[in-house]
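*Asks:* 3D model of this:
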Amino acid sequence: GGVCVLALGLRHPDRVKVAIMDGCVQQAGEEKADFLAHYLPRYQLDWSGSHLTWTWARIREQLIFFPWYRKDTASRMDYDLATTEALQVSVMDFLRAGDNYRKAYRAAFNFDCAAAVSATTANMVVTTSATDVLAPCMDLMPPVPANVRTLRPRDPVESRKRVIEILRENPSPQPGVARVGARPLPGRVWADYLQLEDASLYCRRNTEGTGRPIVMVHASASSSLALDRYMQPLIGKRPVLAVDLPGNGESDNPMGTTVTVEAQARYLAQAIDAAGYDEVDVFGHWGGCCVALELALQRPGLVRRLAVPTLMQLDDATREEYLANYAPAIELEEYGAHLVRAWNMLRDQELYTPWFKRTRAHVRRHGEPDIDPAVIQRRVVDLFKCRDIYQAAYHAHFRYPSRERLAQVDCAVLLEAPSGHTP
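*Replies:* Have a look, this model is predicted:
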């Protein structure tokens, strides 16, 4: 990020009041070559989920050794190891990037920071605290021009204090920037945020088609990304919209940890209004069927047709069994075992019905299992994005009285539940 700020100041000095590069990256030739050769191994998914164990260890190791691939006393860092919660945040960032992490790192390693600092005409600050592993890079910087200041604070606490002071000394001459909407991408599903009164909900959409828009509602502990395979064939035929429900994917969570189908439907209705649609057809996927059904009941003038082919209609005994076993608590474990646990749980959902009954009698025999590593990886990431509400969401969908509510719907409804499938 510091290198990006430096590049921005170099290329657009007229658009920068002050540019602060916290963490100088500048390496000598041999060291740079060594980093490029070893720091960025290809990130490959494995059917077993073993790459998740590597991911956790990789993030943990970079807080023990620098660079992380050198295991010697000279490379040992004098830091406290991060908490499990902090490691999880860094691991999630890595999982989001996937193999693309190498592109950003490589660009930073290859950028000539010394030359850029010498050439920039922006108001620039280069700072690296004495305890930062990048502190030696400051010694490789050439004499800087008058518009550039270099700082070497004692520790991160002093560094943050100095950065805040510098920002206060350089207030923006403009009060703020008006929100700019996303630009549609022809022939593609593109991302946007829909602004509600108390939240921003992420969505994926395409507006090229004609006719009534189709709104798609994702399953429990999932996101709009899971619906791309349904949206892609409709591009150019019908407008399509999929929204990350509150607390899922990249959406805000104005509901808190109390999840109800009724609240999810209310927020989805607000998102559809914000998208500019006054009539829609709605498709639900597993738990999303409950939300789609409730939306049709709350806003009968909005929903014209309803497709809920995987609507759950559970008897009392099955409901209690699912509430007790289907969505177990997932506690973060210090060596990352929770990642592999989630991987296998989600994979087993494709292999057994229900997944927690792993016996011959419960083998899923309808169609092919959707166990491509890329699919399970996406589902793992989606689950941990909503870990604080994932149990509550599943339980809300299991408890929803879908059979009784379905009888109250006035619009046309498509129902077809494939045998051998569960949420």
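
*Asks:* drop to CA atoms for contacts and neighbour counts, all remaining ones
*Replies:* Noted.

*Asks:* residue ranges with poor pLDDT in the stretch 151-300 of the chain?
*Replies:* Along the stretch 151-300 of the chain, segments meeting pLDDT under 70 are nowhere present.

*Asks:* so where do the helices sit in it?
*Replies:* Chain-ordered helices for the stretch 151-300 of the chain, with DSSP state H, counting those that start in this stretch as the definition, fall at 156-169, 228-231, 261-274, 287-298.

*Asks:* Next, residue 103: phi, psi?
*Replies:* phi -70, psi -50 (degrees, to the nearest 10).

*Asks:* For residue 317, what is the enclosing helix or strand?
*Replies:* Under the criterion of DSSP states H and E, residue 317 resides in helix 316-325.

*Asks:* After that helix, which helix or strand is next?
*Replies:* Following helix 316-325 toward the C-terminus (DSSP H and E): helix 337-348.

*Asks:* my read: residue 355 touches residue 349, true?
*Replies:* Yes: using C-alpha atoms under 8 Å, residue 355 is in contact with residue 349, at 4.6 Å.

*Asks:* tell me the most buried of the helices of the stretch 151-300 of the chain?
*Replies:* With neighbours defined by mean count of other C-alpha atoms under 10 Å, none of those is more surrounded on average than helix 287-298, at a mean of 26.

*Asks:* Past that one, which element shows up next along the chain?
*Replies:* strand 303-307.

*Asks:* contact partners of that next one?
*Replies:* In this structure, residues lying in contact with strand 303-307 by C-alpha atoms under 8 Å, 6 or more residues apart in numbering are 279-284, 289, 292-293, 295-296, 411-415.

*Asks:* Next, residue 363: phi, psi?
*Replies:* Main-chain torsions, residue 363, degrees, to the nearest 10: phi -60, psi 130.

*Asks:* Now for it: which residues touch it?
*Replies:* Listed by C-alpha under 8 Å, 6+ apart, the contact partners of residue 363 are 351, 352, 353.

*Asks:* Tabulate the residues you listed (TSV), appending pLDDT and secondary structure.
*Replies:* As requested, the contacts of residue 363 are exported to TSV (pLDDT from 0 to 100; DSSP: H, G, I helix; E, B strand; the rest coil):
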residue	pLDDT	secondary structure
351	98	coil
352	97	strand
353	95	coil
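
*Asks:* buried stuff in stretch 349-360?
*Replies:* Within stretch 349-360, the residues that qualify as buried by neighbour count (16 or more other C-alpha atoms under 10 Å) are 349, 350, 351, 352, 353, 354, 355.

*Asks:* If you could redo that for stretch 301-318, that was the one I meant.
*Replies:* Neighbour counts using 16+ other C-alpha under 10 Å place 302-314 of stretch 301-318 among the buried residues.

*Asks:* Below-threshold pLDDT in the stretch 301-423 of the chain: ranges please.
*Replies:* In the predicted model, the stretch 301-423 of the chain carries pLDDT under 70 at residues 417-423.

*Asks:* what ranges do the strands span in this structure?
*Replies:* In the chain, the strands defined using DSSP state E lie at 19-22, 124-127, 148-151, 190-195, 200-206, 214-217, 240-243, 280-284, 303-307, 412-414.

*Asks:* okay, the ones you listed, which one's buried deepest?
*Replies:* strand 240-243 (a mean of 28).

*Asks:* Can you list the buried residues in the helix holding residue 317?
*Replies:* Taking 16+ other C-alpha under 10 Å as the criterion, helix 316-325 shows 319, 322, 323 as buried.

*Asks:* what's in contact with that helix?
*Replies:* 356, 395, 398, 399.

*Asks:* I am finished for the moment; much appreciated.
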